[in-house]
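Peer 1: following is a predicted model, sequence given first.
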Amino acid sequence: MGHYRRVFFFGIVRAITCLLVWNVTVVAAQAAAPEPVDWIVTGKFVVTMDASHRVIPHGSVAIRQDRIVGIGPAEEINARFQAAHTLKREQDLIAPGLIDTHTHAAMSLFRAFADDQRLQDWLTKFIFPAEAKNVDREFVRWGTELACLEMALAGITTYTDMYYFEDEVAETTKRAGLRGVLGSSVIGFPAPDYKSWQEAIRGAARYLDTYAHDPLIVPAVAPHAIYTTPDEALRAAHDLAVKMNAPLLIHVAETQKERDDAIAKRGMTPVETLEKLGVLDGRVVAAHCIWVNDDDLEILKRKGTGVAHCPSSNMKLASGIAPVTKMLKLGINVGIGTDGFAGSNDSADLILEMNLAAKLQKVATMDPHSLPAEQVLEMATLGGARVLGLDREIGSLETGKRADLITISLAHPNAVPLYNLYSQIAYAAKASDVDDVFVNGSQVVSGRKMLTLDAEEIYRRAEAYHLRVINSLR
């Protein structure tokens with residue numbers, strides 16, 4: 001009996017031992033099993049623009065649904081994750097998607113129309129009359145499609161818009177797969193969509209409610225400026241923005257005339273006027289801010305107002321040079337904007353805007369250290385996200401953030417040799433170097449081909465509108 005008891009005992013021990021070994025093996029295998037993800041994007045470098053501005057040579061980004069779930073050396077990411085789709089760009093850098101903090105997308109159909117004018121003449125003699133004769137819902141749709149096509153191919157994943165029929169802008173932006181902070185305009189005279197500012201406020205309220213929880217659209221209210229929008233309308237727009245927790249977009253101190261007229265009529269600068277009206281309370285994006293003094297800057301800093309700097313527009317319209325270096329030193333959030341396609345710029349090339357922004361500050365301050373390449377790239381990415389109040393979601397490549405990223409080719413003559421990645425992007429890269437674009441985890445551009453829009457149909461429609469605009473002005 002003792003023999004059988006020993007055999008039984010050792011059998012039980014062996015069984016338990018095998019069970020324990022099996023459990024340990026299963027747990028180890030499960031721990032080592034790659035996590036499923038939708039995409040792994042690999043490049044020669046990953047330029048994160050995170051808090052430490054980490055650059056990862058031969059790095060990868062893992063994407064699951066709309067979020068970044070891993071970022072690091074390619075070997076580590078490939079060991080940790082199993083991807084349904086992979087994109088290997090061995091001669092590209094991976095960067096956060098670019099953020100345009102001020103534009104007017106549908107005005108792409110007025111590209112190169114009435115150039116070489118001062119802002120007031122351009123608006124009152126050319127643009128406003130042309131808009132009155134041509135802008136309707138369909139015009140806005142196709143103008144926005146054209147703009148989204150150009151912006152996506154230039155690496156812009158988020159743009160900030162102020163125009164008419166903004167719900168149409170929103171739907172078009174969603175079809176394109178881009179992210180938009182889109183402002184429904186409020187102006188003090190009959191506009192193509194609303195015939196009074198009171199109607200515009202009611203329309204903006206409906207629009208804000210419709211897109212309040214959209215994954216791609218951040219709805220905003222956009223009173224045009226203090227010289228085109230009555231004080232009562234400015235207050236109403238602000239009240240609506242605060243009530244709906246929405247951004248307010250507005251042109252501020254763009255020209256010397258705007259500043260001088262405000263002082264002559266009100267005894268206050270445009271910034272002081274907006275502060276007195278209470279319009280700067282809340283989430284405000286102020287476009288331009290060229291003609292501002294030290295007191296104005298202190299107000300903007302105290303109110304937490306974000307500034308959209310538009311170098312091409314400011315130069316082309318001879319509006320002046322915004323004191324960006326001083327703003328940044330004060331801690332004011334400053335992003336970069338293209339400011340539309342008609343007269344004020346004519347393109348959606350935010351890489352070019354980075355180049356010009358940096359150089360303008362150097363010549364304005366007579367200091368080559370002003371606005372270095374790394375800082376201007378931050379303005380076009382995480383800095384722009386801060387201006388829009390979206391820096392927890394976009395603007396840098398970090399685990400947990402939205403998967404908005406681009407690849408930029410380094411296999412062109414303008415990218416060789418490579419000494420400094422930030423200088424390469426800010427001073428040497430071109431919009432045409434952008435290869436791929438992801439927004440919210442979805443690829444919208446692949447190898448410089450737009451996946452979400454019909455380019456040929458857009459070009460056909462644009463030519464038809466070109467002829468319509470010409471005929472309307474005869």
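Peer 2: Alright, I've got the coordinates.

Peer 1: state the distance from residue 190 to residue 135.
Peer 2: As judged by C-beta to C-beta, to the nearest Å, residue 190 and residue 135 stand 12 Å apart. The C-beta positions use only the backbone N, C-alpha and C, and glycine is treated the same way.

Peer 1: neighbour count winner among the two?
Peer 2: Between residue 190 and residue 135, counting by other C-beta atoms under 10 Å, residue 135 is the more crowded of the two (22 against 12).

Peer 1: looking at this, residue 82 is in a strand?
Peer 2: Yes. Applying DSSP: H, G, I helix; E, B strand; the rest coil, one finds residue 82 inside a strand.

Peer 1: from the chain's centre, how far out does stretch 274-291 sit?
Peer 2: 20 Å (C-alpha atoms, centre = their mean, to the nearest Å).

Peer 1: for the helix or strand where residue 466 lies, buried residues please.
Peer 2: Assigned by DSSP states H and E, residue 466 belongs to helix 455-472. By neighbour count with 16 or more other C-beta atoms under 10 Å, helix 455-472 contains the buried residues 458, 461, 462, 465, 469.

Peer 1: ok, now stretch 341-358?
Peer 2: For stretch 341-358, by 16+ other C-beta under 10 Å, it's 341-358.

Peer 1: tell me which helix or strand of this structure sits lowest on mean pLDDT?
Peer 2: helix 2-32 (a mean of 48; mean pLDDT, DSSP states H and E).

Peer 1: assign the residue sitting nearest the centre point of the chain to helix, strand or coil.
Peer 2: Centroid-nearest residue in the chain, with C-alpha atoms, centre = their mean: residue 99, separated by 2.4 Å. Here residue 99 is recorded as strand under three-state DSSP.

Peer 1: against residue 435, how distant is it?
Peer 2: 19 Å.

Peer 1: over to residue 102?
Peer 2: Per C-beta to C-beta, residue 102 is found 26 Å from residue 435.

Peer 1: who has more neighbours, the two?
Peer 2: More neighbours surround residue 102 than the other of residue 102 and residue 435, with 29 against 22 (other C-beta under 10 Å).

Peer 1: the more buried one: what secondary structure?
Peer 2: Here residue 102 is recorded as strand under three-state DSSP.

Peer 1: also residue 61?
Peer 2: At residue 61 the chain is in strand, as set by three-state DSSP.

Peer 1: over to residue 368?
Peer 2: Residue 368 ends up coil, using three-state DSSP.

Peer 1: show me what contacts the residue nearest to it when sequence neighbours are not counted?
Peer 2: Nearest non-adjacent residue to residue 368, counting by C-beta to C-beta, 6 or more residues apart in numbering: residue 362, 5.3 Å away. Listed by C-beta atoms under 8 Å, 6 or more residues apart in numbering, the contact partners of residue 362 are 368, 369, 370, 371.

Peer 1: and the furthest pair within the residues you listed?
Peer 2: By the measure C-beta to C-beta, 368 and 371 form the most distant pair in the contacts of residue 362, at 9.9 Å.

Peer 1: the more surrounded of those two?
Peer 2: Using other C-beta under 10 Å as the criterion, residue 368 and residue 371 rank with residue 371 on top: 25 against 12.

Peer 1: tell me the pLDDT of that one.
Peer 2: Looking at residue 371, its pLDDT stands at 98.

Peer 1: I'd say it and residue 355 touch.
Peer 2: No. Contact status for residue 371 versus residue 355: not in contact, 10.9 Å apart, counting by C-beta atoms under 8 Å.

Peer 1: residue ranges in this protein under the pLDDT threshold?
Peer 2: The chain contains residues with pLDDT under 70 at 1-32, 343.

Peer 1: domains of it?
Peer 2: Following automatic domain parsing, the chain resolves into domains at 33-96+405-439, 98-389.

Peer 1: need the winner for burial among those.
Peer 2: Most buried of the domains of the chain, by mean neighbour count (mean count of other C-beta atoms under 10 Å): domain 98-389, with a mean of 22.

Peer 1: straight-line length of it, end to end?
Peer 2: End-to-end distance for domain 98-389: 15 Å, by C-alpha to C-alpha, to the nearest Å.

Peer 1: how about the domains of the chain in CSV, adding distance to residue 454?
Peer 2: Listed next are the domains of the chain as CSV, based on distance: least, C-beta to C-beta, whole Å:
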stretch, distance to residue 454
domain 33-96+405-439, 17
domain 98-389, 9
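
Peer 1: let me know which of these is the nearest to residue 474.
Peer 2: Of all those, domain 98-389 sits nearest to residue 474, with 10.7 Å by C-beta to C-beta.

Peer 1: centre of the chain versus that closest one, how much separation?
Peer 2: 12 Å.

Peer 1: quick check, residue 336 in contact with residue 100.
Peer 2: Yes. Checked against C-beta under 8 Å, the pair residue 336 and residue 100 is within contact range at 7.2 Å.

Peer 1: can you check which residues contact both of these two?
Peer 2: The contact sets of residue 336 and residue 100 overlap at 350, 384 (C-beta under 8 Å, 6+ apart).

Peer 1: hang on, the earlier thing: next secondary structure after the least confident helix or strand of the chain?
Peer 2: Next helix or strand after helix 2-32 toward the C-terminus (DSSP H and E): strand 35-47.

Peer 1: how about the contacts made by residue 384?
Peer 2: Residue 384 touches 98, 99, 100, 101, 158, 335, 336, 395, counting by C-beta under 8 Å, 6+ apart.

Peer 1: 6 Å instead?
Peer 2: Residue 384 makes contacts with 99, 101, 335, as judged by C-beta atoms under 6 Å, 6 or more residues apart in numbering.

Peer 1: please apply the same query to residue 259.
Peer 2: Taking C-beta under 6 Å, 6+ apart, we find residue 259 in contact with 253, 269, 291.
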